[in-house]
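1. Here you go, sequence then predicted model.
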Amino acid sequence: MISKMTYADALAAHMKFLSKTGGEPSSAENAILTFLGWDEPKVSEFAQDVRIVLVSANFSKEITTSVLWLNERDLDIRCVRLIPYQLIDKVLLDIQQVVPLPEANEYQIRLKKKAAEERQKEEGGADWTRYDLRISDKVCPKLYKRQLFLAVVRALVERGASVSDLQGVLPARKFVGVGGKLSGPEFRAAVAELRTHSGGLYDSRRYYFEDPELFISDGKTWALSNQWSITYISNLDQLISKYPDARISYSVAAQDSA
């Protein structure tokens, strides 16, 4: 529900909250701008991502492992432990952010082991398989895997699929978007000001940042990652099957067949 709110919706909701709690509704906008660290409203940039904070006196292992798994897929969820204590006539709160939790160590170890195994597999030899892609009656022959993913994503966007829908199948971190319709240089300049979910900079070598490679969806200009291992092929198959009307299919190019 919150992810669909516009800046105006959030402002109206906060004004309503302040009026009910004895606050001053006219201070709502200043409070929101202060929270966001903005000098003035940036309507197009509002609520691009939603942060979820779970608050409880305790969290089970099932909850914490689920949160960690979701965060690995570029969601932003925190678990905060809040324990009240009675001290004479006062109530004291012990507030701690508890993700990652000690209870989740076993899950984290499995994640690290899996990531190490995947890196070892990828470093063992590059995958130079080529693919013949068919989109309706058009054939794009001998594409490398990274080209295959870009061609499929662009074709689906051109046929009306939104990036938000595609991110339901492909990892959200494989996309980077900036509000408005931008040229390659404008897009690269804007992305240089952004930060990844882990707080780092976007590496232009790992994305398709040139003009012909960018695409427009949901009022934004988007770039797709060029880092696709063989493990993502099943995601691509799932994506293609989700849009049968697009008439997209692919096969391994003849010279690469066994």
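-> Alright, I've got the coordinates.

2. For the protein, identify the residue most remote from the centre.
-> Distance from the C-alpha centroid of the chain, by CA atoms, centre = their mean, peaks at Ile88 (47.0 Å).

3. Let me know the pLDDT of the residue nearest the centre of the chain.
-> Centroid-nearest residue in the chain: Ala172, 3.2 Å away (criterion: CA atoms, centre = their mean). According to the prediction, Ala172 has pLDDT 88.

4. what about the strands in the stretch 1-150 of the chain?
-> Using DSSP state E, counting those that start in this stretch, the strands assigned to the stretch 1-150 of the chain run over residues 51-56, 76-87, 90-97, 130-135, 138-144.

5. I'd like to know which of those is closest to Thr196.
-> Closest approach to Thr196 among the strands of the stretch 1-150 of the chain is made by strand 76-87 (11.9 Å; CB to CB). Bear in mind the C-beta positions are built from the backbone N, C-alpha and C, glycine included.

6. which parts of the closest one are buried?
-> By neighbour count on 16 or more other CB atoms under 10 Å, the buried set for strand 76-87 is 77, 79, 81.

7. next one: stretch 39-48
-> Phe46.

8. Mean confidence (pLDDT) on it, please.
-> Mean predicted confidence for stretch 39-48 is 80.

9. Okay, now the unreliable bits of the stretch 51-200 of the chain?
-> Applying pLDDT under 70 to the stretch 51-200 of the chain flags residues 74, 100-127, 197-199.

10. quick one, helices of it?
-> Along the stretch 51-200 of the chain, counting by DSSP state H, counting those that start in this stretch, helices occupy 61-72, 105-123, 145-158, 163-166, 184-191.

11. Distance from the first one to the middle of the chain?
-> Looking back up the chat, that one is helix 61-72. Here the centre of helix 61-72 is set off from its chain's centre by 16 Å, with CA atoms, centre = their mean, to the nearest Å.

12. what's it packed up against?
-> strand 76-87, helix 105-123 (3 or more CB pairs under 8 Å, 6 or more residues apart in numbering; DSSP states H and E).
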